[in-house]
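Engineer: sequence and predicted structure, then a few things I'm wondering about:
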Amino acid sequence: MASAPVRVRFCPSPTGNPHVGLVRTALFNWAFARHHGGTLVFRIEDTDAARDSEESYEQLLDSMRWLGFDWDEGPEVGGPHAPYRQSQRMDIYADVARRLQEAGHAYECYCTTEELEQRREAARAAGKPSGYDGACRELTAEQADAHRREGREPIVRFRMPDEPVTFTDLVRGELTFAPENVPDFGIVRANGAPLYTLVNPVDDALMEITHVLRGEDLLSSTPRQIALYRALAEIGVGNGTTPAFGHLPYVMGEGNKKLSKRDPQASLNLYRERGFVPAGLLNYLSLLGWSLSADRDVFGIDEMVAAFDIDGVNANPARFDLKKAEAINADHIRMMDVADFVAACEPWLKAPHAPWAPEKFDPKAFEELAPLAQTRLTVLSDITANVDFLFLDEPVEDEASWTKAMKPGADALLKTAREKLADADWNAEALKQAVITAGEEHGLKLGKAQAPVRVAVTGRTVGLPLFESLEVLGRERTLARVDAALAKLAA
């Protein structure tokens, strides 16, 4: 194991929208593989026909590409262990299940759901473990025939060893599970469909996975899988190696509860739609259980890969903090090349639901103000509210901003400012001086003098630097908006 090239896997199920916990798992596996010069296997666990969908499958691939993850084996790439969709590997699982039964590692179980629940209730009432009690472990051929004559359809159960299972978790250290707490478990449904408990370890064995990095919620299944790996080695499935396991800490959401994929803030699509950039989102998700250093929260993905190893992962639950995620994303927006920032904003600036008509968008005007806008965004979708004054015929009317800026005397100040602006050279410095001079004539400093001008022109009290905005907006449109504000004040 120590000398084997690192092979890790990311194996989501195509059910619903990808969520941030899934992305964190993908990130840690990808970074671990890249740090060690190893292989990332991207595998699709789509054996649940009732819940899996082709749409979700396409979303998974699209999300991986958007996040910037590459994979060495898997869909669209291929590899020596293809196919990488479990729905296309059913013959493999059926053959392995048969061989496990023939070797005595698995057996048919004819217990009904009602019988199982009755026995579980009785065990709980007696203060005993309520897992499967092994009723069908040693059925004779005659007993099995009798069950079949009754019309019972068996499932296949794996026979757990009667001794403790001990392993060293890469995050949590040595763990031991007593046999009474890990009962025999189902690996094939009565209809012949293989269960996750079988297909996941079988694929890991055949694909020669060396390290399994996954969420803490799967920790209880690990002793079962370790026992199954050993049985698979005995019947010649895989290379006989049991992977090393590392269970990543829970991600906690609101109310200190485990973040569920049903929680709105868990949806990856939410962050894409709001305009998180992949580098910012991945930077934040990496902090949910790991850190580059005690005094640095903002770093690039290349820095993470260079530093990441599983022994740096903290076992304690990590809390998802949306405000911190937004702050880190804002830092990454500011770190972008301006050209990349301009390109990243285009989906919002040219979208059908943008607040202006498509023909009103002026790319040259936006490019002039882009460096200023870049320093003010938290997420890319904020761009429309920052630059809408450039592309709308009239500014958005914000009533609170109007009330705040257009106090008694604002009309007189605006008239003077208009005169000064009309005579000024049309560059940011000259426009600023014009408003300073207008303010001085009314006993106002720049901050108070520019507020009515800003609201008249942009509709809001806050936004991009005013005078650079006026320079790009142009003389004619600026003066027309000041005139419109004066007319409104006079009405």
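Structural biologist: Now that the structure is in, tell me what you want to look at.
Engineer: dihedrals phi and psi, Val165?
Structural biologist: phi -110, psi 120 (degrees, to the nearest 10).
Engineer: that one against Val182, yeah?
Structural biologist: Yes. Look at Val165 against Val182 with CB atoms under 8 Å: they come within range, at 6.5 Å. C-beta coordinates here come from the backbone N, C-alpha and C atoms, glycine included.
Engineer: overlap in contacts, the two.
Structural biologist: Pro223, Ala227 (CB atoms under 8 Å, 6 or more residues apart in numbering).
Engineer: show me what the helix or strand harbouring Leu421 is packed up against.
Structural biologist: Per DSSP states H and E, Leu421 falls inside helix 410-423. Counting contacts by 3 or more CB pairs under 8 Å, 6 or more residues apart in numbering; DSSP states H and E, helix 410-423 packs against helix 428-441, helix 446-458, helix 475-490.
Engineer: list the contacts of the first one.
Structural biologist: Counting contacts by CB under 8 Å, 6+ apart, the residues outside helix 428-441 that touch it are 413, 416-417, 419-421, 423-424, 445-446, 448-450, 453, 465-468, 470-471.
Engineer: what is the rounded mean pLDDT of that helix?
Structural biologist: Mean pLDDT, helix 428-441: 98.
Engineer: quick one: low-confidence parts of this structure?
Structural biologist: Where the chain drops to pLDDT under 70, the residues are 1-3.
Engineer: from Thr210, how far off is Arg9?
Structural biologist: For Arg9, the distance to Thr210 (CB to CB, to the nearest Å) stands at 10 Å.
Engineer: which of those two has more neighbours?
Structural biologist: Between Arg9 and Thr210, counted using other CB atoms under 10 Å, Arg9 has the larger neighbour count: 27 against 21.
Engineer: report all helices and strands that whatever helix or strand the more buried one lives in contacts.
Structural biologist: Assigned by DSSP H and E, Arg9 belongs to strand 7-10. Judged by 3+ CB pairs under 8 Å, 6+ apart, strand 7-10 is in contact with helix 20-35, strand 39-42, strand 211-215.
Engineer: give me the distance from the helix holding Leu421 to the chain's centre.
Structural biologist: Put simply, helix 410-423 sits 51 Å off its chain's centre (CA atoms, centre = their mean, to the nearest Å).
Engineer: buried residues in that helix, which are they?
Structural biologist: Ala410, Leu413, Leu414, Thr416, Ala417, Arg418, Lys420, Leu421 (16 or more other CB atoms under 10 Å).
Engineer: now swap in stretch 6-22 and tell me
Structural biologist: By 16+ other CB under 10 Å, the buried positions in stretch 6-22 come out as 6-15, 17-22.
Engineer: what's in contact with stretch 460-468?
Structural biologist: Against stretch 460-468 from outside (CB under 8 Å, 6+ apart): 369, 372-373, 376, 385-387, 389, 395-396, 398, 401, 404-405, 428-429, 431-432, 435, 450-451, 453-455, 457-458, 469.
Engineer: how many residues are close by Asp302?
Structural biologist: 10.
Engineer: ok, back up a step: possible to save the buried residues of helix 410-423 as a markdown table with distance to Val41?
Structural biologist: Putting the buried residues of helix 410-423 into a markdown table (distance: CB to CB, whole Å) gives the following:
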| residue | distance to Val41 |
| --- | --- |
| Ala410 | 66 |
| Leu413 | 67 |
| Leu414 | 66 |
| Thr416 | 70 |
| Ala417 | 65 |
| Arg418 | 67 |
| Lys420 | 68 |
| Leu421 | 64 |
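Engineer: just the terminal-to-terminal distance for stretch 456-475.
Structural biologist: 14 Å (CA to CA, to the nearest Å).
Engineer: hmm, I was thinking of stretch 263-271
Structural biologist: Per CA to CA, stretch 263-271 runs 13 Å from first to last residue.
Engineer: roughly how far is that stretch from the heart of the chain?
Structural biologist: With CA atoms, centre = their mean as the basis, stretch 263-271 stands 7 Å off its chain's centre.
Engineer: Asn316: which of the buried residues of stretch 6-22 is nearest?
Structural biologist: Set against Asn316, the nearest of the buried residues of stretch 6-22 by CB to CB is Gly21 (15.8 Å).
Engineer: with adjacent residues omitted, what lies nearest to the closest one?
Structural biologist: Of all residues not flanking Gly21 in the chain, Val251 sits nearest, at 5.3 Å (CB to CB, 6 or more residues apart in numbering).
Engineer: in the sheet, who's paired with that neighbour?
Structural biologist: Beta bridges link Val251 to Ala318, judged by DSSP bridges.
Engineer: now it: how far from Ser267?
Structural biologist: 13 Å.
Engineer: next one: stretch 110-119 to chain centre, how far?
Structural biologist: With CA atoms, centre = their mean, you get 39 Å for stretch 110-119.
Engineer: pull the CA atoms of it into PDB?
Structural biologist: The C-alpha trace of stretch 110-119 is given here as PDB (Å, rounded to 0.1, in the frame of the first residue of the first chain):
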ATOM      1  CA  TYR A 110     -35.800 -15.500   3.100                       C
ATOM      2  CA  CYS A 111     -36.900 -13.400   6.100                       C
ATOM      3  CA  THR A 112     -39.800 -11.100   5.300                       C
ATOM      4  CA  THR A 113     -39.800  -7.400   6.100                       C
ATOM      5  CA  GLU A 114     -42.400  -8.000   8.800                       C
ATOM      6  CA  GLU A 115     -40.500 -10.800  10.400                       C
ATOM      7  CA  LEU A 116     -37.300  -8.700  10.500                       C
ATOM      8  CA  GLU A 117     -39.100  -5.800  12.100                       C
ATOM      9  CA  GLN A 118     -40.700  -8.000  14.700                       C
ATOM     10  CA  ARG A 119     -37.400  -9.500  15.700                       C
END
